[in-house]
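Undergrad: What follows is a predicted structure for the sequence shown.
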Amino acid sequence: MTEVFQRSRVVQAWLAGIRYLESQKKHDATNIILEITSPQAATSEDRQVVNAVSHALQQRKAKRTVMTAAGTIFPQTIYKRYGRPDWYAHYKSIMARGMAPNTWGTYALRMIERKDESGATFNPLDKIIEKLIAIRTKYLNKYVAAYELGVCDLAVDLADDLNGLGFDLPTYDPSIDRHKYYGSACLSHVTFKLMHGKIDLTAIYRSHHYAERALGNLIGLAQLQQYVATEAGYETGTLTCISTYAKLDDGLGGIRAASNLLETFPIDETLIKETAAVI
């Protein structure tokens, strides 16, 4: 059953989703959709939630924080330090030294390095930015949905003819992931849409752990959206996250611990609006 939660900010959207999962008998669900209208905005209360979730995560895994998951999608610190395009090479160098053996790396690495049919490497993420710049400078926003890095055929989806149906960013790699039942990439697809001069982003997850990863994932997606929009010369729009399977996992110390923690967090912004309307 599909559940849609429309909220203004990342933390409020995550709270709506995880509280819904908490209420379910088996603490899981299919097709949880979060639609966030101002994904880069954050209040002091939001930051307190992020810190509290990070603290809870560290009780189970000392080196894990909310920003650990965010960094696998977009390495904000490295980008801020080196800028585009230099951060690509620095990030790949760091990953080459630090990636554990027999692991598939990070979403960010898959977004910035792929191989074409000839075996040559190219950068799908930067290709999206180049296409968006071309749209703005040459075609006057004529193409709304031609910014895809598809999971099926990158050679077609990244072509310069702009005749596709969107700007998609591949994370699922059939050459690596097709034989796996567990441990492969959970983020399957990222698509950018140019809507009325703003960059919308939609992310699709095949499986989503809401306690250990989802909040960080949403922050990382918001940073990725901001990066693409800024570098291509646009404003950011809506961030939508579709979790085709979502689960309240044990990342916060178990279901009871997660429930206790959620009780300390701000109430849903929709309840505030409803109360204000009644008053």
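TA: Done, it's in.

Undergrad: how close does the residue positioned nearest the centre of the chain get to Thr137?
TA: Nearest residue to the geometric centre of the chain (CA atoms, centre = their mean): Leu221, 3.0 Å. Leu221 sits 26 Å away from Thr137, going by CB to CB, to the nearest Å. From N, CA and C alone the C-beta is placed, and that goes for glycine too.

Undergrad: okay, and for the chain, where does confidence drop off?
TA: 100-104, 139-184, 273-279 (pLDDT under 70).

Undergrad: rerun that using 50 as the cut-off
TA: Applying pLDDT under 50 to the chain flags the ranges 149-153, 156-157, 163-165, 174, 176-183, 278.

Undergrad: Mind exporting the C-alpha coordinates of the longest strand along it to PDB?
TA: Under DSSP state E, the strand in the chain containing the largest number of residues is strand 235-247. Below are the C-alpha coordinates for strand 235-247, written out as PDB (Å, rounded to 0.1, in the frame of the first residue of the first chain):
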ATOM      1  CA  GLU A 235      17.500  26.900  -8.200                       C
ATOM      2  CA  THR A 236      16.600  23.800  -6.400                       C
ATOM      3  CA  GLY A 237      13.000  22.500  -6.400                       C
ATOM      4  CA  THR A 238      11.300  19.500  -4.800                       C
ATOM      5  CA  LEU A 239      13.100  16.300  -3.500                       C
ATOM      6  CA  THR A 240      11.100  13.100  -3.800                       C
ATOM      7  CA  CYS A 241      12.200   9.800  -2.300                       C
ATOM      8  CA  ILE A 242      10.400   6.600  -3.200                       C
ATOM      9  CA  SER A 243      11.200   3.600  -1.000                       C
ATOM     10  CA  THR A 244       9.800   0.600  -2.800                       C
ATOM     11  CA  TYR A 245      10.500  -1.300   0.400                       C
ATOM     12  CA  ALA A 246      11.000   0.400   3.700                       C
ATOM     13  CA  LYS A 247      11.900  -1.100   7.100                       C
END
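
Undergrad: and that strand, what other elements does it pack with?
TA: Packing contacts for strand 235-247, counted by 3 or more CB pairs under 8 Å, 6 or more residues apart in numbering; DSSP states H and E, involve helix 10-23, strand 28-36, strand 198-205, strand 208-209, helix 215-232.

Undergrad: In the next helix or strand after that strand, which residues are buried?
TA: On the C-terminal side of strand 235-247, the closest following helix or strand by DSSP states H and E is helix 255-263. For helix 255-263, the neighbour count (16 or more other CB atoms under 10 Å) marks Ala257, Ala258, Leu261, Leu262 as buried.
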